[in-house]
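Participant: Give me a model of this one.
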Amino acid sequence: MNEISEAQYDLIRPYLPVQRGNVRISNLTMINAVLYIAENGCKWRALPPRFGNWHTIYTRLRRWAEAGVLDRLFAALQEHRLIRIRVECLGLDSTSVKVHPDGTGAPKKRGRKPSGNPAGDGTQRFIWLPRMPEQP
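Facilitator: Numbering: from 1, shown residues only. Model (predicted):
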């Protein structure tokens, strides 16, 4: 695994926020932990102990992402040719991607089942409103 050295870190230090207070994990260790996750694709909990507490690193990463620090950091790493990876993110889960029941392997419906109210069976339950294209 390639890690950023102290000399390389000095090149990208201006792009990072200044550490204040009692900070247990340095920005250099933080960057190396993020690069480890990006390179290996492991879960945060599987981060080696030499980087420190995984939750601390994850929390700082979220703050950096929201503040735009992460974008500046990876742009600087590419600009100074310290890394040769392209960072892309694609997140999908069941709350954002809806699958039609036919796509899930669910059994197909066979025929209509009459409801308890025969008068309601033949009535449409929606109104069709076609849209007309605007005239130029």
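Participant: From what I see, I31 and L73 are in contact.
Facilitator: Yes: contact between I31 and L73 holds when scored by C-beta atoms under 8 Å: they sit 7.0 Å apart. From N, CA and C alone the C-beta is placed, and that goes for glycine too.
Participant: Report the contact partners of Y9.
Facilitator: By C-beta atoms under 8 Å, 6 or more residues apart in numbering, Y9 lies in contact with N27, L28, I31.
Participant: which residues are in contact with both of I31 and L73?
Facilitator: Common neighbours of I31 and L73, counting by C-beta under 8 Å, 6+ apart, are I12.
Participant: So which elements touch the helix or strand harbouring R63?
Facilitator: Per DSSP states H and E, R63 falls inside helix 54-67. With contacts defined as 3 or more C-beta pairs under 8 Å, 6 or more residues apart in numbering; DSSP states H and E, helix 54-67 has these neighbours: helix 27-40, helix 69-79.
Participant: One more pass at 7 Å, please.
Facilitator: With contacts defined as 3 or more C-beta pairs under 7 Å, 6 or more residues apart in numbering; DSSP states H and E, helix 54-67 has these neighbours: helix 27-40.
Participant: and the angle for the helix it packs on with helix 69-79?
Facilitator: Orientation check (axes from the mean of the first three to the mean of the last three C-alpha atoms, to 10 degrees): helix 27-40 against helix 69-79 gives 80 degrees.
Participant: Could you list every helix and strand that helix 27-40 packs against?
Facilitator: On a contact count with 3+ C-beta pairs under 7 Å, 6+ apart, helix 27-40 meets helix 54-67.
Participant: Output the helix it packs on as CSV, nothing but the C-alphas.
Facilitator: Extracted in CSV, the C-alpha atoms of helix 54-67 (Å, rounded to 0.1, in the frame of the first residue of the first chain):
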residue,chain,number,x,y,z
TRP,A,54,-12.2,4.1,12.7
HIS,A,55,-15.2,6.1,13.9
THR,A,56,-13.1,9.2,14.6
ILE,A,57,-11.7,9.0,11.1
TYR,A,58,-15.1,8.4,9.5
THR,A,59,-16.6,11.4,11.5
ARG,A,60,-13.7,13.7,10.3
LEU,A,61,-14.1,12.5,6.8
ARG,A,62,-17.8,13.4,6.8
ARG,A,63,-17.0,16.9,8.1
TRP,A,64,-14.4,17.3,5.4
ALA,A,65,-16.8,16.1,2.7
GLU,A,66,-19.5,18.6,3.8
ALA,A,67,-17.0,21.5,4.0
